[in-house]
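Student: coords please:
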Amino acid sequence: MAIKNNQIVLMQYELKANDNIIESNLDGDPIEFTYGKGQLLEGLEERIKDMNAGDEKEVTVPAYEAYGEYDKSLTEQVPINEFEGIDLEIGMILEADGDNGEIFKATVTDVTKEEVTVDYNHPLAGTDLTFKVRIKSIV
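Tutor: So this is what the prediction gives:
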């Protein structure tokens, strides 16, 4: 029987971006989620809806249905003196509290003597994602 809303699904998966494996639990314990509750990327959830327990398939979720298109306006240059005491490196993920108490993350993309360029896009923004999915069980 195919997956329906509010069913508990046990799933194993492998996530690839640009032909690189980002994450995999194919050899480990499956994840558990309730279908239709927004616990998975919407684009992935839509592509597994016709799967049954025991099914395996590969699906591609385009960037706009995954973490969105890359938005250049979500980068900014910040004076380096605001990072005093931090050993900055390109690729470093910084965390800060937003005005509403929400934690947000930014990736350091450039460091000069005067300023630091930070990127607030999700690291996978603008990237199509390929999932190999195995449905272990549906309850």
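Student: Near Glu45, how many other residues are there?
Tutor: By other Cβ atoms under 10 Å, the residues close to Glu45 number 19. Bear in mind the C-beta positions are built from the backbone N, C-alpha and C, glycine included.
Student: Assign it to helix, strand or coil.
Tutor: helix (DSSP: H, G, I helix; E, B strand; the rest coil).
Student: ok, the residue nearest to it when sequence neighbours are not counted - contacts?
Tutor: Excluding the flanking residues, the one nearest Glu45 by Cβ to Cβ, 6 or more residues apart in numbering is Tyr35, at 6.8 Å. Applying Cβ atoms under 8 Å, 6 or more residues apart in numbering, we find Tyr35 in contact with 3-9, 45, 49.
Student: among the residues you listed, which ones are buried?
Tutor: Buried by 16 or more other Cβ atoms under 10 Å: 3, 9, 45, out of the contacts of Tyr35.
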